[in-house]
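Enquirer: any chance you can model this:
(one chain, ligands or ions: 1)
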Amino acid sequence: MRFDVITLFPDLFEQAASMGVVGKAIAADTIQLKTWNPRDFTQDVHRTVDDRPFGGGPGMVMKIEPLQKAIKSAVKVIDKPTKVIYLSPQGRKLDQQGVEYLAKFSRLVLLAGRYEGIDERLLEADIDEEWSIGDFVLSGGELPALVLIDAVSRTLPDVLGHKCSAVEDSFAEGLLDHPHYTRPDVFDGISVPSVLLSGDHKKIARWREKQSLGKTWQKRPDLLEKIELNEHQQSLLDEFIQELNN
Ligand code: 4GX
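Expert: Numbers count the residues shown, from 1 in each chain. Sure thing, here's the model as predicted:
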């Protein structure tokens with residue numbers, strides 16, 4: 001999977017994308033990341049990328065020409081199924097389902113905007129899809145672009161080992177993860193649930209699934225409304241709720 005990011009802050013991406021799971025995937029060439037600075041596509045001595053809004057008002061708007069040149073240059077480097085994406089609060093809200101949809105493209109071009117936004121004509125002419133990472137306002141699209149890259153990369157077959165795919169499955173099912181513990185087995189007088197020390201892997205898997213259902217029911221009941229629990233899951237959840245009342 002290849003990401004091309006249009007950004008005034010390429011350094012931010014070099015930094016963030018060198019770390020952790022995404023960094024390793026780039027090192028292994030499972031994903032490729034390239035940045036394109038609209039400033040490099042300007043003609044004037046000041047390398048101007050923003051201008052005052054028509055109609056007046058505070059703030060600046062990103063100029064159309066440097067952005068369009070940057071997008072077109074990025075798009076044409078390789079001939080692969082590509083989506084050009086603009087990160088903005090007006091976009092479709094990103095969730096794991098959206099992440100999996102985006103992961104199906106072999107290449108994404110991400111436009112990370114600054115200032116008050118981009119010229120609307122660029123949106124109409126060159127943007128395929130608009131996505132938001134949540135209902136709040138940031139000072140730029142760079143962090144949303146990094147969020148998207150991280151979340152999409154994690155779903156790719158070779159990025160996480162098989163070990164982690166079970167964890168992934170729990171999210172794919174629309175549930176929260178189960179609780180985690182590590183040593184020491186007693187901390188401040190609080191013990192790790194004994195089942196986790198039992199060595200009985202079937203019992204452990206059952207406990208984790210029950211916790212996953214129970215935590216989702218407690219913390220994010222809205223997620224449960226979106227999915228249909230099977231009979232086994234429903235009885236595990238009933239058991240979780242029953243145990244709370246004991
Ligand atoms: N999820 N931002 C985009 C520029 C902007 C301003 C106004 C359109 C209209 C954001 C988010 C986000 C900050 C990125 C403003 N674009 N992006 N930027 N939330 O807040 O994706």
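Enquirer: quick one, strands of the protein?
Expert: Taking DSSP state E, the strands of the chain run over residues 2-6, 32-36, 50-51, 61-62, 82-93, 107-111, 129-132, 186-187, 190-191.
Enquirer: neighbouring strands - and their directions - for the last one?
Expert: According to DSSP bridges, strand 190-191 has the following sheet partners: strand 186-187 (antiparallel).
Enquirer: rewinding a little: redo the strands of the chain as CSV? Include mean neighbour count, distance to Gly161 and mean pLDDT.
Expert: The way it works is simple: take the backbone N, C-alpha and C, and place the C-beta from them, glycine included. What follows is these, written out as CSV (neighbours: other CB atoms under 10 Å; distance: least, CB to CB, whole Å; pLDDT from 0 to 100):
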stretch, mean neighbour count, distance to Gly161, mean pLDDT
strand 2-6, 25, 22, 98
strand 32-36, 18, 20, 98
strand 50-51, 15, 44, 98
strand 61-62, 20, 40, 98
strand 82-93, 18, 28, 98
strand 107-111, 25, 24, 98
strand 129-132, 18, 28, 98
strand 186-187, 10, 28, 98
strand 190-191, 10, 30, 98
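Enquirer: now render those strands as CSV, adding distance to Asp200.
Expert: Shown next, in CSV, are the strands of the chain (distance: least, CB to CB, whole Å):
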stretch, distance to Asp200
strand 2-6, 43
strand 32-36, 43
strand 50-51, 62
strand 61-62, 58
strand 82-93, 41
strand 107-111, 43
strand 129-132, 43
strand 186-187, 20
strand 190-191, 17
